[in-house]
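Undergrad: fold the following.
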Amino acid sequence: MRSSNACRATEPADSGSAPRRARILIVDDEPYLARSLCRALSFHHDATALTSGAPAIARIEAGERFDVIVLDLTMPDISGAETYERIRAASQSQADRVLFITGGTFAQSAREFLASQSNRWMGKPCNIQALLGVIGEILAPPDAGPIDSAPPTGR
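TA: Okay, here's the model as predicted:
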């Protein structure tokens, strides 16, 4: 059975001039990694972790929307590429918000898939500060200019 895990920060967020908390969906078949990313991101955003692409697709098809979708490219039941294609069929705007993550070694087909997409991607394991930086870039309006954050990884 695939799990859903909504994470909450264990410390209160700074209410001063903190930016809006984004809705982040993490989809990774490795439960420990999905929960770890969810917990780390929950200090800054409202994060939810799923361990399979199928429930992510179902949520998007049902009309649920996320500001960023962190999607593992290599999963056993339904691949990240297939999950992405099905998300794109349901909502192009949600597909545009996908950030792929992938292990250091991946097949030629995965390389070709990433090269064919305009979406950002990062290798695993993810540095949380770098991940937050890329999420910030995805959240920024196109005309907002550079974001003061960690340098991007991948595309």
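Undergrad: and residue 100, what element?
TA: strand 98-102 (DSSP states H and E).
Undergrad: same question but for residue 89, I mixed them up
TA: With secondary structure defined by DSSP H and E, residue 89 is part of helix 80-90.
Undergrad: tilt between that helix and strand 98-102?
TA: 170 degrees (axes from the mean of the first three to the mean of the last three CA atoms, to 10 degrees).
Undergrad: thinking again about what came up before, and the very next helix or strand once past the strand holding residue 100, what does it pack against?
TA: Tracing the chain past strand 98-102, the next element assigned as helix or strand by DSSP H and E is helix 108-115. Applying 3 or more CB pairs under 8 Å, 6 or more residues apart in numbering; DSSP states H and E, one finds that helix 108-115 contacts strand 98-102. Every C-beta, even on glycine, is put in place using the N, C-alpha and C of the backbone.
Undergrad: now the residue nearest to residue 77 when sequence neighbours are not counted: how far from residue 111?
TA: Spatially, and ignoring its direct neighbours in sequence, residue 77 is nearest to residue 52 (5.3 Å; CB to CB, 6 or more residues apart in numbering). Per CB to CB, to the nearest Å, residue 52 is found 23 Å from residue 111.
Undergrad: residues contacting the residue nearest in space to the middle of the chain?
TA: By CA atoms, centre = their mean, the chain has its centre lying nearest to residue 70, at 1.2 Å. Contact analysis of residue 70 by CB atoms under 8 Å, 6 or more residues apart in numbering lists 24-28, 37, 99, 101, 131, 135.
Undergrad: help me confirm that residue 65 is found in a strand?
TA: No. With DSSP: H, G, I helix; E, B strand; the rest coil as the criterion, residue 65 is coil rather than part of a strand.
Undergrad: isn't it up against residue 24?
TA: No. Using CB atoms under 8 Å as the test, residue 65 is too far from residue 24 to be in contact (11.7 Å).
Undergrad: okay, these two: which has more neighbours?
TA: Neighbours were counted for residue 65 and for residue 24 using other CB atoms under 10 Å; residue 24 has more, 27 against 13.
Undergrad: that one belongs to a strand, doesn't it?
TA: Yes. According to three-state DSSP, the state of residue 24 is that of a strand.
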